[in-house]
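Chemist: sequence below, structure please.
(one chain, ligands or ions: 1)
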Amino acid sequence: MTSTTKDATEQEMFGHPKGLFYLFFAELWERFSFYGMRALLTLYMVQEIFKALVERDAATAVVYASYGSLVYASTVIGGRISDKILGMRSSIFLGGVLMAIGHFVLAIENNVAFFLALAFIVVGNGFFKPNISTFVGSLYPEGDTRKDSGFTIFYMGINIGGFVAPLLCGWLATQYGWHYGFGLAGIGMMTGLIFFWSGIKKNVFGDRGMPPSKEIYEKKIIGIPQKILVPTIAVLTVPLIAYILSAYKAIAGGESFLGDQTYVSLIFKLIGVAIVIYMAMIMLKSTPDERKKLFMAILITFFMTLFWGFHELSGSVITLFAARNVNLTFLNASQTNALNSMFIIILAIPISLLWAYLSKRNLNPRTPYKFGLGLVLAGLSFYILALSGGSADENGMVPMIYLLAMYFIISVGELFMSPVGLSKITDLSPKRIVAFMMGVWFLSSAYAFQIVGFISKQLAIESTDANIGGLDTLAVYIDGFSLIAKYSLGAGIIVLIFGPLMKKLMGNIH
Ligand code: GLN
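Modeler: Next comes the predicted model:
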(Lines give C-alpha, C1' and ligand atoms only; values in the text may rest on other atoms or scores of the structure.)
Protein backbone atom coordinates (compact mmCIF):
# COMPACT_ATOMS: atom_id res chain seq x y z
CA MET A 1 0.00 0.00 0.00
CA THR A 2 1.98 2.95 1.28
CA SER A 3 5.00 1.12 2.60
CA THR A 4 7.29 2.74 0.07
CA THR A 5 6.59 6.22 1.43
CA LYS A 6 6.89 5.18 5.07
CA ASP A 7 9.48 6.75 7.36
CA ALA A 8 12.50 4.65 8.11
CA THR A 9 11.92 5.38 11.80
CA GLU A 10 8.30 4.34 11.66
CA GLN A 11 7.37 1.28 13.63
CA GLU A 12 3.97 -0.36 13.41
CA MET A 13 1.52 -1.84 15.90
CA PHE A 14 -1.68 -3.63 14.86
CA GLY A 15 -1.14 -2.39 11.32
CA HIS A 16 -1.00 1.29 12.39
CA PRO A 17 1.92 3.62 13.04
CA LYS A 18 3.10 2.99 16.60
CA GLY A 19 2.74 6.71 17.33
CA LEU A 20 -1.03 6.33 17.07
CA PHE A 21 -1.12 4.32 20.28
CA TYR A 22 0.83 6.93 22.21
CA LEU A 23 -1.53 9.64 20.93
CA PHE A 24 -4.49 7.37 21.71
CA PHE A 25 -3.48 7.11 25.37
CA ALA A 26 -2.48 10.77 25.62
CA GLU A 27 -5.89 11.84 24.30
CA LEU A 28 -7.70 9.20 26.35
CA TRP A 29 -6.26 10.71 29.54
CA GLU A 30 -6.74 14.29 28.40
CA ARG A 31 -10.43 13.57 27.71
CA PHE A 32 -10.53 11.73 31.05
CA SER A 33 -9.60 15.00 32.73
CA PHE A 34 -11.91 17.08 30.50
CA TYR A 35 -15.01 14.93 30.95
CA GLY A 36 -14.28 14.02 34.57
CA MET A 37 -14.29 17.69 35.38
CA ARG A 38 -17.29 18.40 33.14
CA ALA A 39 -19.32 15.75 34.97
CA LEU A 40 -18.83 17.65 38.23
CA LEU A 41 -18.94 21.21 36.92
CA THR A 42 -22.67 22.00 36.89
CA LEU A 43 -23.43 20.36 40.23
CA TYR A 44 -20.35 21.95 41.78
CA MET A 45 -21.55 25.39 40.72
CA VAL A 46 -25.14 24.85 41.87
CA GLN A 47 -24.28 23.12 45.15
CA GLU A 48 -21.09 24.96 46.04
CA ILE A 49 -19.94 28.04 44.13
CA PHE A 50 -23.34 29.74 43.67
CA LYS A 51 -25.30 27.94 46.39
CA ALA A 52 -26.28 31.17 48.16
CA LEU A 53 -27.75 32.78 45.02
CA VAL A 54 -31.47 32.47 44.25
CA GLU A 55 -30.40 32.64 40.62
CA ARG A 56 -27.81 29.90 41.07
CA ASP A 57 -29.18 27.79 38.16
CA ALA A 58 -29.05 30.75 35.78
CA ALA A 59 -25.55 31.75 36.90
CA THR A 60 -24.43 28.13 36.45
CA ALA A 61 -26.01 27.99 32.98
CA VAL A 62 -24.24 31.16 31.92
CA VAL A 63 -20.80 30.17 33.24
CA TYR A 64 -21.12 26.65 31.82
CA ALA A 65 -22.07 28.07 28.42
CA SER A 66 -19.31 30.67 28.42
CA TYR A 67 -16.73 28.10 29.49
CA GLY A 68 -17.91 25.61 26.83
CA SER A 69 -17.91 28.25 24.10
CA LEU A 70 -14.42 29.48 24.94
CA VAL A 71 -12.95 26.01 25.47
CA TYR A 72 -13.85 25.12 21.87
CA ALA A 73 -13.20 28.53 20.33
CA SER A 74 -9.67 28.60 21.78
CA THR A 75 -8.84 25.59 19.60
CA VAL A 76 -8.99 27.84 16.52
CA ILE A 77 -6.29 30.09 17.97
CA GLY A 78 -4.24 27.19 19.38
CA GLY A 79 -4.27 25.47 15.99
CA ARG A 80 -3.11 28.63 14.23
CA ILE A 81 -0.27 29.33 16.69
CA SER A 82 0.89 25.77 16.31
CA ASP A 83 0.92 26.00 12.49
CA LYS A 84 2.81 29.29 12.51
CA ILE A 85 5.14 29.17 15.52
CA LEU A 86 5.16 26.35 18.05
CA GLY A 87 4.53 23.14 16.12
CA MET A 88 2.33 20.37 17.47
CA ARG A 89 4.68 18.91 20.09
CA SER A 90 5.30 22.10 22.05
CA SER A 91 1.64 23.08 21.69
CA ILE A 92 0.48 19.77 23.13
CA PHE A 93 2.89 20.07 26.07
CA LEU A 94 1.94 23.65 26.74
CA GLY A 95 -1.77 22.86 26.51
CA GLY A 96 -1.48 19.76 28.68
CA VAL A 97 0.43 21.55 31.41
CA LEU A 98 -2.05 24.45 31.47
CA MET A 99 -4.99 22.05 31.62
CA ALA A 100 -3.41 20.07 34.46
CA ILE A 101 -2.82 23.32 36.37
CA GLY A 102 -6.47 24.21 35.76
CA HIS A 103 -7.72 20.92 37.18
CA PHE A 104 -5.49 21.14 40.23
CA VAL A 105 -6.55 24.76 40.86
CA LEU A 106 -10.19 23.58 40.68
CA ALA A 107 -9.41 21.34 43.62
CA ILE A 108 -9.05 24.54 45.70
CA GLU A 109 -12.57 25.33 46.86
CA ASN A 110 -12.63 29.07 46.40
CA ASN A 111 -14.52 31.31 43.95
CA VAL A 112 -11.53 33.19 42.52
CA ALA A 113 -9.60 29.93 42.11
CA PHE A 114 -12.66 28.49 40.39
CA PHE A 115 -12.73 31.06 37.57
CA LEU A 116 -8.95 31.04 37.18
CA ALA A 117 -9.06 27.25 36.88
CA LEU A 118 -11.69 27.37 34.13
CA ALA A 119 -9.58 29.93 32.29
CA PHE A 120 -6.48 27.72 32.52
CA ILE A 121 -8.49 24.86 30.98
CA VAL A 122 -9.83 27.14 28.22
CA VAL A 123 -6.32 28.21 27.19
CA GLY A 124 -4.84 24.73 27.69
CA ASN A 125 -7.47 22.96 25.65
CA GLY A 126 -6.92 25.50 22.86
CA PHE A 127 -3.34 24.30 22.52
CA PHE A 128 -3.92 20.62 23.21
CA LYS A 129 -7.09 19.49 21.43
CA PRO A 130 -6.65 20.66 17.81
CA ASN A 131 -3.00 19.68 17.74
CA ILE A 132 -3.33 16.16 19.01
CA SER A 133 -6.02 15.56 16.35
CA THR A 134 -3.83 16.97 13.59
CA PHE A 135 -0.92 14.93 14.91
CA VAL A 136 -2.95 11.74 14.31
CA GLY A 137 -3.55 12.80 10.70
CA SER A 138 0.15 13.53 10.21
CA LEU A 139 1.13 9.96 11.08
CA TYR A 140 -0.25 8.74 7.76
CA PRO A 141 1.12 9.59 4.33
CA GLU A 142 -1.34 11.34 1.99
CA GLY A 143 -3.92 8.94 0.57
CA ASP A 144 -3.19 6.24 3.18
CA THR A 145 -6.37 4.21 3.47
CA ARG A 146 -5.62 3.38 7.14
CA LYS A 147 -6.23 6.99 8.17
CA ASP A 148 -10.02 6.68 8.64
CA SER A 149 -9.68 3.63 10.84
CA GLY A 150 -6.85 5.42 12.68
CA PHE A 151 -9.30 8.21 13.52
CA THR A 152 -11.95 5.69 14.58
CA ILE A 153 -9.45 4.15 17.02
CA PHE A 154 -8.60 7.66 18.25
CA TYR A 155 -12.33 8.49 18.72
CA MET A 156 -12.56 5.32 20.83
CA GLY A 157 -9.76 6.65 23.05
CA ILE A 158 -11.70 9.91 23.49
CA ASN A 159 -14.77 8.03 24.59
CA ILE A 160 -12.99 5.55 26.86
CA GLY A 161 -11.73 8.63 28.71
CA GLY A 162 -15.22 10.16 28.54
CA PHE A 163 -16.75 6.97 29.94
CA VAL A 164 -14.41 6.11 32.81
CA ALA A 165 -13.79 9.65 34.10
CA PRO A 166 -17.35 10.63 35.15
CA LEU A 167 -17.66 7.27 36.95
CA LEU A 168 -14.47 7.72 38.95
CA CYS A 169 -14.51 11.50 39.46
CA GLY A 170 -18.25 11.40 40.24
CA TRP A 171 -17.68 8.68 42.82
CA LEU A 172 -14.75 10.47 44.46
CA ALA A 173 -16.64 13.77 44.54
CA THR A 174 -19.65 12.31 46.36
CA GLN A 175 -17.71 9.98 48.65
CA TYR A 176 -14.81 12.22 49.64
CA GLY A 177 -15.44 15.74 48.37
CA TRP A 178 -15.32 17.81 45.19
CA HIS A 179 -11.59 18.47 45.30
CA TYR A 180 -10.79 14.75 45.14
CA GLY A 181 -12.83 14.48 41.93
CA PHE A 182 -11.14 17.51 40.36
CA GLY A 183 -7.75 16.34 41.64
CA LEU A 184 -8.19 13.02 39.88
CA ALA A 185 -8.98 14.90 36.65
CA GLY A 186 -5.65 16.71 37.06
CA ILE A 187 -3.82 13.43 37.62
CA GLY A 188 -5.49 12.13 34.44
CA MET A 189 -4.09 15.04 32.44
CA MET A 190 -0.61 14.47 33.86
CA THR A 191 -0.85 10.80 32.86
CA GLY A 192 -1.76 11.88 29.31
CA LEU A 193 1.34 14.06 29.16
CA ILE A 194 3.53 11.21 30.40
CA PHE A 195 2.24 9.01 27.56
CA PHE A 196 2.96 11.72 25.02
CA TRP A 197 6.40 12.35 26.46
CA SER A 198 7.28 8.64 26.45
CA GLY A 199 6.25 8.48 22.77
CA ILE A 200 8.71 11.27 22.04
CA LYS A 201 11.44 9.56 24.09
CA LYS A 202 10.92 6.33 22.15
CA ASN A 203 11.06 8.30 18.89
CA VAL A 204 7.77 6.88 17.61
CA PHE A 205 6.81 10.16 15.94
CA GLY A 206 9.94 10.50 13.80
CA ASP A 207 10.42 14.19 13.08
CA ARG A 208 6.73 15.06 13.11
CA GLY A 209 5.28 17.88 15.16
CA MET A 210 8.43 20.00 15.28
CA PRO A 211 8.11 23.80 14.96
CA PRO A 212 7.44 24.81 11.34
CA SER A 213 10.62 26.91 11.30
CA LYS A 214 13.45 27.00 13.81
CA GLU A 215 14.14 30.68 13.03
CA ILE A 216 10.56 31.69 13.79
CA TYR A 217 10.52 29.53 16.93
CA GLU A 218 13.68 31.17 18.24
CA LYS A 219 12.99 34.63 16.78
CA LYS A 220 13.13 37.35 19.41
CA ILE A 221 10.31 39.84 19.82
CA ILE A 222 10.87 42.55 22.43
CA GLY A 223 13.99 40.60 23.35
CA ILE A 224 12.15 37.36 24.14
CA PRO A 225 12.25 34.28 21.86
CA GLN A 226 8.79 33.36 20.56
CA LYS A 227 9.01 29.88 22.12
CA ILE A 228 8.99 31.64 25.52
CA LEU A 229 6.81 34.58 24.52
CA VAL A 230 3.84 32.48 23.38
CA PRO A 231 3.51 30.48 26.63
CA THR A 232 3.99 33.70 28.61
CA ILE A 233 1.19 35.46 26.74
CA ALA A 234 -0.97 32.35 27.08
CA VAL A 235 -0.57 32.44 30.87
CA LEU A 236 -1.15 36.21 30.95
CA THR A 237 -4.51 35.83 29.19
CA VAL A 238 -5.73 33.52 31.98
CA PRO A 239 -6.84 36.25 34.44
CA LEU A 240 -8.54 38.12 31.59
CA ILE A 241 -10.51 35.04 30.57
CA ALA A 242 -11.31 34.34 34.23
CA TYR A 243 -12.77 37.86 34.46
CA ILE A 244 -14.78 37.44 31.26
CA LEU A 245 -16.17 34.14 32.55
CA SER A 246 -17.31 35.65 35.82
CA ALA A 247 -18.84 38.85 34.42
CA TYR A 248 -22.54 38.11 34.71
CA LYS A 249 -24.96 40.25 36.60
CA ALA A 250 -26.27 37.51 38.89
CA ILE A 251 -22.71 36.69 39.93
CA ALA A 252 -21.51 40.27 40.17
CA GLY A 253 -24.53 40.96 42.34
CA GLY A 254 -25.98 43.88 40.42
CA GLU A 255 -26.73 45.41 37.07
CA SER A 256 -24.03 45.41 34.45
CA PHE A 257 -23.82 47.51 31.31
CA LEU A 258 -24.17 44.24 29.39
CA GLY A 259 -27.66 43.68 30.82
CA ASP A 260 -28.59 40.02 30.57
CA GLN A 261 -25.77 39.40 28.10
CA THR A 262 -22.23 38.31 28.82
CA TYR A 263 -18.96 39.33 27.24
CA VAL A 264 -18.76 35.88 25.72
CA SER A 265 -22.18 36.07 24.04
CA LEU A 266 -21.31 39.53 22.75
CA ILE A 267 -17.95 38.35 21.39
CA PHE A 268 -19.62 35.39 19.70
CA LYS A 269 -22.20 37.62 18.03
CA LEU A 270 -19.41 39.79 16.63
CA ILE A 271 -17.38 36.79 15.46
CA GLY A 272 -20.55 35.41 13.85
CA VAL A 273 -21.06 38.61 11.85
CA ALA A 274 -17.39 38.62 10.81
CA ILE A 275 -17.59 34.98 9.66
CA VAL A 276 -20.75 35.66 7.62
CA ILE A 277 -19.14 38.66 5.88
CA TYR A 278 -15.92 36.76 5.23
CA MET A 279 -17.77 33.72 3.88
CA ALA A 280 -19.86 35.93 1.60
CA MET A 281 -16.68 37.45 0.20
CA ILE A 282 -15.13 34.03 -0.40
CA MET A 283 -18.33 32.82 -2.07
CA LEU A 284 -18.35 35.80 -4.40
CA LYS A 285 -14.82 34.98 -5.53
CA SER A 286 -15.50 31.25 -5.99
CA THR A 287 -16.45 29.32 -9.10
CA PRO A 288 -20.12 28.20 -9.25
CA ASP A 289 -19.17 24.61 -8.36
CA GLU A 290 -17.03 25.72 -5.40
CA ARG A 291 -19.84 28.01 -4.28
CA LYS A 292 -22.36 25.17 -4.16
CA LYS A 293 -20.02 22.95 -2.17
CA LEU A 294 -19.06 25.75 0.18
CA PHE A 295 -22.72 26.49 0.79
CA MET A 296 -23.21 22.85 1.74
CA ALA A 297 -20.15 22.95 4.04
CA ILE A 298 -21.74 25.94 5.81
CA LEU A 299 -25.09 24.17 6.04
CA ILE A 300 -23.69 20.98 7.58
CA THR A 301 -21.68 23.07 10.05
CA PHE A 302 -24.92 24.84 10.98
CA PHE A 303 -26.79 21.54 11.47
CA MET A 304 -23.91 20.23 13.56
CA THR A 305 -24.11 23.35 15.74
CA LEU A 306 -27.80 22.70 16.37
CA PHE A 307 -27.12 19.07 17.21
CA TRP A 308 -24.31 19.85 19.68
CA GLY A 309 -26.51 22.59 21.12
CA PHE A 310 -28.99 19.92 22.23
CA HIS A 311 -26.39 17.22 22.88
CA GLU A 312 -24.19 19.35 25.15
CA LEU A 313 -27.16 19.93 27.46
CA SER A 314 -26.07 16.62 28.99
CA GLY A 315 -23.48 18.30 31.19
CA SER A 316 -25.91 21.02 32.33
CA VAL A 317 -29.71 20.70 32.36
CA ILE A 318 -29.75 16.92 31.97
CA THR A 319 -27.31 16.47 34.86
CA LEU A 320 -29.56 18.70 37.01
CA PHE A 321 -32.63 16.75 35.85
CA ALA A 322 -30.84 13.50 36.77
CA ALA A 323 -29.99 14.90 40.20
CA ARG A 324 -33.46 16.33 40.88
CA ASN A 325 -35.94 14.11 39.09
CA VAL A 326 -34.52 10.71 38.17
CA ASN A 327 -34.66 7.63 40.39
CA LEU A 328 -31.00 6.76 39.95
CA THR A 329 -29.58 3.32 40.65
CA PHE A 330 -25.90 2.34 40.29
CA LEU A 331 -24.98 5.84 39.17
CA ASN A 332 -25.13 9.25 40.81
CA ALA A 333 -26.06 12.35 38.79
CA SER A 334 -22.46 13.22 37.82
CA GLN A 335 -21.82 9.67 36.76
CA THR A 336 -24.73 9.71 34.28
CA ASN A 337 -22.36 11.79 32.11
CA ALA A 338 -20.59 8.52 31.32
CA LEU A 339 -23.59 7.17 29.41
CA ASN A 340 -23.03 9.03 26.13
CA SER A 341 -19.45 7.80 25.82
CA MET A 342 -20.48 4.30 26.86
CA PHE A 343 -22.97 4.10 23.98
CA ILE A 344 -20.44 5.59 21.54
CA ILE A 345 -17.97 2.84 22.48
CA ILE A 346 -20.66 0.20 21.96
CA LEU A 347 -22.06 1.67 18.74
CA ALA A 348 -19.11 3.18 16.85
CA ILE A 349 -17.95 -0.04 15.22
CA PRO A 350 -21.43 -1.47 14.39
CA ILE A 351 -22.44 1.84 12.77
CA SER A 352 -19.27 2.11 10.70
CA LEU A 353 -19.84 -1.52 9.62
CA LEU A 354 -23.41 -0.60 8.73
CA TRP A 355 -22.19 2.18 6.41
CA ALA A 356 -19.72 -0.23 4.80
CA TYR A 357 -22.46 -2.86 4.36
CA LEU A 358 -24.86 -0.34 2.84
CA SER A 359 -22.12 1.08 0.61
CA LYS A 360 -21.55 -2.33 -0.96
CA ARG A 361 -25.23 -2.40 -1.91
CA ASN A 362 -25.22 1.23 -3.02
CA LEU A 363 -27.63 2.07 -0.21
CA ASN A 364 -25.37 4.16 2.04
CA PRO A 365 -27.40 7.36 2.70
CA ARG A 366 -25.84 10.58 1.41
CA THR A 367 -24.59 13.09 3.99
CA PRO A 368 -27.72 15.36 4.09
CA TYR A 369 -29.88 12.34 4.96
CA LYS A 370 -27.50 11.25 7.70
CA PHE A 371 -27.59 14.78 9.11
CA GLY A 372 -31.38 14.99 8.87
CA LEU A 373 -31.69 11.63 10.64
CA GLY A 374 -29.17 12.72 13.27
CA LEU A 375 -31.33 15.72 14.17
CA VAL A 376 -34.50 13.59 14.12
CA LEU A 377 -32.77 11.17 16.53
CA ALA A 378 -31.79 14.06 18.82
CA GLY A 379 -35.44 15.15 18.74
CA LEU A 380 -36.64 11.63 19.55
CA SER A 381 -34.22 11.36 22.43
CA PHE A 382 -35.66 14.51 24.03
CA TYR A 383 -39.17 13.32 23.25
CA ILE A 384 -38.45 10.20 25.30
CA LEU A 385 -37.15 12.33 28.14
CA ALA A 386 -40.33 14.41 27.93
CA LEU A 387 -42.43 11.22 28.03
CA SER A 388 -40.75 10.24 31.29
CA GLY A 389 -43.01 12.78 33.04
CA GLY A 390 -45.95 10.40 32.51
CA SER A 391 -44.22 7.73 34.60
CA ALA A 392 -43.23 10.00 37.48
CA ASP A 393 -44.04 8.74 40.99
CA GLU A 394 -45.86 10.80 43.61
CA ASN A 395 -42.55 12.52 44.50
CA GLY A 396 -41.97 13.66 40.93
CA MET A 397 -39.20 11.12 40.28
CA VAL A 398 -39.03 9.32 36.92
CA PRO A 399 -37.58 5.85 36.12
CA MET A 400 -33.95 5.83 35.01
CA ILE A 401 -34.67 3.78 31.89
CA TYR A 402 -35.83 7.00 30.15
CA LEU A 403 -32.44 8.58 30.69
CA LEU A 404 -30.70 5.48 29.36
CA ALA A 405 -32.94 5.41 26.28
CA MET A 406 -32.33 9.11 25.68
CA TYR A 407 -28.53 8.70 25.78
CA PHE A 408 -28.70 5.63 23.56
CA ILE A 409 -30.65 7.43 20.83
CA ILE A 410 -28.69 10.68 20.88
CA SER A 411 -25.44 8.69 20.69
CA VAL A 412 -26.67 6.99 17.50
CA GLY A 413 -27.43 10.50 16.18
CA GLU A 414 -23.93 11.66 17.10
CA LEU A 415 -22.40 8.82 15.09
CA PHE A 416 -24.60 9.74 12.11
CA MET A 417 -23.22 13.25 12.14
CA SER A 418 -19.95 14.02 13.92
CA PRO A 419 -17.45 11.65 12.24
CA VAL A 420 -19.17 12.02 8.85
CA GLY A 421 -19.18 15.82 9.01
CA LEU A 422 -15.50 16.07 9.79
CA SER A 423 -14.45 14.31 6.63
CA LYS A 424 -17.08 16.08 4.48
CA ILE A 425 -15.75 19.49 5.50
CA THR A 426 -12.38 18.59 4.01
CA ASP A 427 -14.08 17.31 0.83
CA LEU A 428 -16.42 20.27 0.35
CA SER A 429 -14.02 23.14 1.05
CA PRO A 430 -11.78 24.54 -1.65
CA LYS A 431 -8.16 23.61 -0.77
CA ARG A 432 -7.16 27.23 -0.22
CA ILE A 433 -9.52 27.68 2.74
CA VAL A 434 -9.72 24.17 4.15
CA ALA A 435 -7.82 25.09 7.34
CA PHE A 436 -10.13 28.06 7.89
CA MET A 437 -13.17 25.83 7.38
CA MET A 438 -11.81 23.36 9.96
CA GLY A 439 -11.64 26.28 12.35
CA VAL A 440 -15.26 27.14 11.57
CA TRP A 441 -16.16 23.47 12.12
CA PHE A 442 -14.61 23.58 15.60
CA LEU A 443 -16.48 26.82 16.22
CA SER A 444 -19.72 24.88 15.72
CA SER A 445 -19.11 23.26 19.12
CA ALA A 446 -18.34 26.69 20.55
CA TYR A 447 -21.59 28.22 19.22
CA ALA A 448 -23.47 25.15 20.41
CA PHE A 449 -22.68 26.19 23.98
CA GLN A 450 -24.43 29.50 23.35
CA ILE A 451 -27.54 27.46 22.54
CA VAL A 452 -26.92 25.40 25.69
CA GLY A 453 -26.70 28.62 27.71
CA PHE A 454 -29.91 29.97 26.24
CA ILE A 455 -31.88 26.77 26.88
CA SER A 456 -30.40 26.15 30.33
CA LYS A 457 -31.30 29.68 31.37
CA GLN A 458 -34.93 29.13 30.30
CA LEU A 459 -35.02 25.98 32.43
CA ALA A 460 -33.29 27.57 35.44
CA ILE A 461 -35.13 27.21 38.72
CA GLU A 462 -34.90 29.99 41.27
CA SER A 463 -34.16 28.65 44.71
CA THR A 464 -31.51 28.30 47.36
CA ASP A 465 -32.93 25.04 48.66
CA ALA A 466 -30.14 22.45 48.56
CA ASN A 467 -32.66 19.63 48.16
CA ILE A 468 -34.87 21.15 45.49
CA GLY A 469 -36.30 18.58 43.09
CA GLY A 470 -39.24 16.26 42.68
CA LEU A 471 -42.57 17.88 41.94
CA ASP A 472 -41.11 21.40 42.24
CA THR A 473 -38.90 20.98 39.19
CA LEU A 474 -40.40 18.17 37.09
CA ALA A 475 -42.87 20.25 35.06
CA VAL A 476 -40.21 22.82 34.09
CA TYR A 477 -37.91 20.14 32.71
CA ILE A 478 -40.62 18.14 30.97
CA ASP A 479 -41.96 21.26 29.20
CA GLY A 480 -38.43 22.20 28.20
CA PHE A 481 -37.59 18.76 26.85
CA SER A 482 -40.76 18.56 24.76
CA LEU A 483 -40.02 21.98 23.26
CA ILE A 484 -36.43 20.93 22.43
CA ALA A 485 -37.83 17.72 20.90
CA LYS A 486 -40.13 19.75 18.63
CA TYR A 487 -37.35 22.06 17.46
CA SER A 488 -34.92 19.25 16.80
CA LEU A 489 -37.48 17.02 15.07
CA GLY A 490 -38.65 19.99 13.00
CA ALA A 491 -35.10 20.86 11.98
CA GLY A 492 -34.37 17.23 11.10
CA ILE A 493 -37.51 16.91 8.97
CA ILE A 494 -36.69 20.14 7.11
CA VAL A 495 -33.18 18.81 6.38
CA LEU A 496 -34.66 15.53 5.12
CA ILE A 497 -37.17 17.35 2.89
CA PHE A 498 -34.39 19.44 1.35
CA GLY A 499 -32.14 16.36 1.12
CA PRO A 500 -32.56 15.87 -2.65
CA LEU A 501 -31.67 19.52 -3.29
CA MET A 502 -28.63 19.37 -1.00
CA LYS A 503 -27.52 16.15 -2.67
CA LYS A 504 -27.37 18.07 -5.96
CA LEU A 505 -25.33 20.87 -4.38
CA MET A 506 -22.78 18.33 -3.17
CA GLY A 507 -22.14 17.11 -6.72
CA ASN A 508 -19.87 14.08 -6.78
CA ILE A 509 -19.25 14.11 -3.00
CA HIS A 510 -21.10 11.42 -1.09
N1 GLN B 1 -16.97 14.00 22.17
C2 GLN B 1 -16.05 14.58 21.21
C3 GLN B 1 -14.77 15.01 21.88
O4 GLN B 1 -14.73 15.19 23.06
C5 GLN B 1 -16.69 15.76 20.44
C6 GLN B 1 -17.22 16.82 21.32
C7 GLN B 1 -17.62 18.11 20.58
O8 GLN B 1 -17.08 18.49 19.55
N9 GLN B 1 -18.55 18.83 21.09
O10 GLN B 1 -13.77 15.19 21.22
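
Chemist: any weak-confidence spans in the stretch 301-450 of the chain?
Modeler: Within the stretch 301-450 of the chain, no range satisfies pLDDT under 70.

Chemist: strands of that one, start to end?
Modeler: 326-327, 398-399 (DSSP state E, counting those that start in this stretch).

Chemist: Gln88 - how many residues pack around it?
Modeler: Gln isn't right for residue 88; it's Met. 24 (other Cβ atoms under 10 Å). Using the backbone N, CA and C atoms, a C-beta is placed for each residue, glycine as well.

Chemist: format the strands of the stretch 301-450 of the chain as TSV; extra columns: mean neighbour count and distance to the ligand.
Modeler: Shown next, in TSV, are these (neighbours: other Cβ atoms under 10 Å; distance: least, Cβ to the nearest ligand atom, whole Å):
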stretch	mean neighbour count	distance to the ligand
strand 326-327	20	22
strand 398-399	18	26
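
Chemist: show me the helices in the stretch 251-400 of the chain, by range?
Modeler: 263-285, 288-311, 317-325, 338-360, 367-387 (DSSP state H, counting those that start in this stretch).

Chemist: relative to Leu23, which of these is closest?
Modeler: helix 338-360 (17.5 Å; Cβ to Cβ).

Chemist: run the chain-centre distance for the closest one.
Modeler: 19 Å (Cα atoms, centre = their mean, to the nearest Å).

Chemist: quick one on the thing from earlier: among the helices of the stretch 251-400 of the chain, which is the most enclosed?
Modeler: Comparing the helices of the stretch 251-400 of the chain by mean neighbour count (mean count of other Cβ atoms under 10 Å), helix 317-325 comes out on top with a mean of 25.

Chemist: okay, now the closest residue to Leu377 other than its chain neighbours: neighbour count?
Modeler: Leaving out its chain neighbours, the residue that sits closest to Leu377 by Cβ to Cβ, 6 or more residues apart in numbering is Gly413, at 3.4 Å. Applying other Cβ under 10 Å, we find 25 residues neighbouring Gly413.

Chemist: so Gly413 touches Ala378, yeah?
Modeler: Yes - if you go by Cβ atoms under 8 Å, Gly413 and Ala378 touch, sitting 4.9 Å apart.

Chemist: overlap in contacts of those two?
Modeler: Common contact partners of Gly413 and Ala378 (Cβ atoms under 8 Å, 6 or more residues apart in numbering): 307, 311.

Chemist: and Ile318, how far is that from Ser456?
Modeler: 10 Å (Cβ to Cβ, to the nearest Å).

Chemist: for Lys457, give its distance to Tyr248.
Modeler: From Lys457 to Tyr248 the distance is 10 Å (Cβ to Cβ).

Chemist: shared neighbours, the two?
Modeler: Val62.

Chemist: ok, Val398 - contacts?
Modeler: Val398 neighbours (Cβ under 8 Å, 6+ apart): 325-327, 388-389, 391-392, 474.

Chemist: show the contacting residues for the closest residue to the ligand within the stretch 351-500 of the chain.
Modeler: Nearest residue of the stretch 351-500 of the chain to the ligand: Ser445, at 3.9 Å (Cβ to the nearest ligand atom). Applying Cβ under 8 Å, 6+ apart to Ser445 gives the contacts 68, 72, 305, 308, 312.

Chemist: tell me the one of those residues nearest the ligand?
Modeler: Using Cβ to the nearest ligand atom, these come closest to the ligand at Trp308, 4.9 Å.

Chemist: now do the contacts for the closest residue to that closest one other than its chain neighbours.
Modeler: Nearest residue to Trp308 in three dimensions, chain neighbours excluded: Ala448, at 3.4 Å (Cβ to Cβ, 6+ apart). Residues in contact with Ala448 (Cβ under 8 Å, 6+ apart) are 68, 72, 305-309, 311-312.

Chemist: same question for Met342.
Modeler: 159, 163, 407.

Chemist: let's see it at 10 Å
Modeler: Counting by Cβ atoms under 10 Å, 6 or more residues apart in numbering, Met342 touches 159-160, 162-164, 166-167, 404, 407-408, 411.

Chemist: any idea how far the ligand is from it?
Modeler: Distance of Met342 to the ligand, computed by Cβ to the nearest ligand atom, to the nearest Å: 13 Å.

Chemist: quick check: residues of the stretch 351-500 of the chain near the ligand?
Modeler: Within the stretch 351-500 of the chain, the positions near the ligand by Cβ under 6 Å from any ligand atom are Ser445.

Chemist: just confirm Phe151 contacts Ser133, I think it does.
Modeler: Yes - using Cβ atoms under 10 Å, Phe151 is in contact with Ser133, at 8.4 Å.

Chemist: more neighbours: which of the two?
Modeler: More crowded of Phe151 and Ser133, by other Cβ under 10 Å: Ser133, with 22 against 18.

Chemist: what helix or strand does that one sit in?
Modeler: helix 111-138 (DSSP states H and E).

Chemist: for that helix, name the packing helices and strands.
Modeler: strand 16-17, helix 18-44, helix 56-81, helix 87-106, helix 147-175, helix 178-201, helix 226-246, helix 434-458 (3 or more Cβ pairs under 10 Å, 6 or more residues apart in numbering; DSSP states H and E).
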